[in-house]
Structure formats: C-alpha cells, structure tokens
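Enquirer: Structure for the following, please:
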Amino acid sequence: MTETAGRRALVFDLLEAYCARKGYRLTAGDGHGHAGMVESPSGKRWFFKGTRFDLNTLGAAEIATDKAYAAAFLKAAGLAVPEGCLVFAQDIRKDSQLPQDLLDFAEQHGFPLYVKPNCGREGRDVVRVDTLHALQDTLNALAERNDQLLVQPEIRGQELRIIVLDGNVLCAIERHPPQITGDGHRSIAEIIDADPRLDAADPRLGLELSQQGLTPEKIPAAGQRVTLLPVVNLSAGGTARLVTGT
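Expert: Numbering: from 1, shown residues only. The predicted model follows:
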C-alpha cells in the first residue's frame, strides 16, 4: 500500500479500521485525512496531525524527537539500538578537522555511515556517505542549518514501522526507499522528472547515485531498479505496504 497524491493518508485509513472495531468516532479535518480527531464512546477526544498524536506526555514527545536521547533511553530499557556519535555543529563550523571521537567512530564502524539531524523528521537531510571526504563535506553542509548531527553505521535488514497503542500492536508497515525502474530508453533524470512523488532538486540524489557509480544521465537497463535516496519516508518518495499478520 502506498500513499500517493489525491488519496487519503495511510494513517487515516489505519485509524478508520481501528475505530470501526473499537466503536470510536473518527472525524477528518480535511478530505485527505491529514488531520482529525478520535472520540471514544465516553466522549474522550484525541487530536492528530499526520503521524503526530496527543497520546504521549510532552516530555516523552520531546525525547522521541531527539534521536540521541531516544536511543539512550531505549538502550537503557534493554532494546537494541544502533551506536551513534553526536556531533555539535559549532565544532564543525570552527574547526577544519573532524572531531577525534568522530574519526575514531568512523574507523571502528567503517563505511557507509549515515549522517542526519539529531532532531528532525520525514527523512530530511539524512545522507549516506561512503568515504571520509564525503563525511566531511556532508557535515559541513548540514552544520549550516542544524545545531546537532548524529552519525550512525548502516544497519541492513527489513525496514518496519510498528504502530502501537496502549501496548497493543495495531499494524506493521514495511517501508522501502524511493526507487525507479529503468525502461532501457529514458535516463534516470527523465524518469525522476516524470514521477510526481520525487523531487529532482533534492541535492542528495547526485551523491546517492555517484556512490552507486551512476549519474543522472545514465540510461538504466529495462527492469533495472535504482535506489535514489537513503531514506524510506513516504514524504521523500518511499513506498510502504501493510505486512501485519504476514
């Protein structure tokens, strides 16, 4: 199942099925279900916008937004989390050399590494780098618009978004990064331009393609799949399907 322009939000579809089972009333704030309200039979109300719900306390929500803090608390609770190295933008801006703890981290884990804003969402500014030079350039660029950056190693495997409410798993969603499929005639740039889900101006496209030995002018073979970005967010052109119960 994918979320595309002109149809209701995936989250709203999931909520609609859940509310129907529980006898709750679901009210949409617009025709696409990007915002709305859930009301219980007793009259208690919960509001939401996108994937943001008023189900958690402000403190918990603030920690969840901070990737480094969230990982620390999850690790303390006994959950497996990726290692990370927190980098302060002011240290990048004032020194031409990368911090020694980051260099040690890169040597320990190797490449590729992921660089991302420590506080961010929807996959914005998440970059995959495969060399020390690319790491330096990416940190310099992201430090101009983010106060803290988090560097983490690549973790391969199935990407799942699990939605939990009151300790119950509501659904599992398998997510995939934005990709194109070659037809043997058009270039990568032409295929991207023809897909309204994709942003041809995203500066990460060139880096991601170059790390695969490709350029926007390359004509992929018919059936060849090319990954465009190192994120799986729907807002970045990724795709998703429900895998609950499979």
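
Enquirer: can you give me the helices in the chain?
Expert: 10-22, 58-65, 67-76, 89-94, 100-109, 132-142, 188-193, 204-210 (DSSP state H).

Enquirer: Sort out which residues of the third one are buried, please.
Expert: The neighbour-count criterion (16 or more other CB atoms under 10 Å) identifies 67-68, 70-71 as the buried residues of helix 67-76. C-beta here means a position set from N, CA and C on the backbone, and glycine is covered the same way.

Enquirer: what is the orientation angle of it with helix 58-65?
Expert: 100 degrees (axes from the mean of the first three to the mean of the last three CA atoms, to 10 degrees).

Enquirer: Output the contacting helices and strands for helix 67-76.
Expert: helix 58-65, strand 148-153 (3 or more CB pairs under 8 Å, 6 or more residues apart in numbering; DSSP states H and E).

Enquirer: Turn the helices of the chain into a markdown table, including mean pLDDT and distance to residue 236.
Expert: Converted to a markdown table, the helices of the chain look like this (pLDDT from 0 to 100; distance: least, CB to CB, whole Å):
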| stretch | mean pLDDT | distance to residue 236 |
| --- | --- | --- |
| helix 10-22 | 86 | 15 |
| helix 58-65 | 88 | 18 |
| helix 67-76 | 95 | 17 |
| helix 89-94 | 90 | 23 |
| helix 100-109 | 96 | 24 |
| helix 132-142 | 95 | 16 |
| helix 188-193 | 96 | 13 |
| helix 204-210 | 94 | 9 |
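
Enquirer: Out of the ones you listed, flag the one nearest residue 239.
Expert: Nearest to residue 239 among the helices of the chain is helix 10-22; the distance by CB to CB comes to 10.7 Å.

Enquirer: The closest one - contacts with which helices or strands?
Expert: Secondary elements touching helix 10-22 (3+ CB pairs under 8 Å, 6+ apart): strand 25-28, strand 35-39, strand 168-176.

Enquirer: again, only this time at 6 Å
Expert: Judged by 3 or more CB pairs under 6 Å, 6 or more residues apart in numbering; DSSP states H and E, the packing partners of helix 10-22 are strand 25-28.

Enquirer: partners of the strand it packs on in the sheet?
Expert: Using DSSP bridges, the strands paired with strand 25-28 are strand 35-39 (antiparallel).

Enquirer: Could you figure out how far the partner strand is turned away from helix 10-22?
Expert: 10 degrees.
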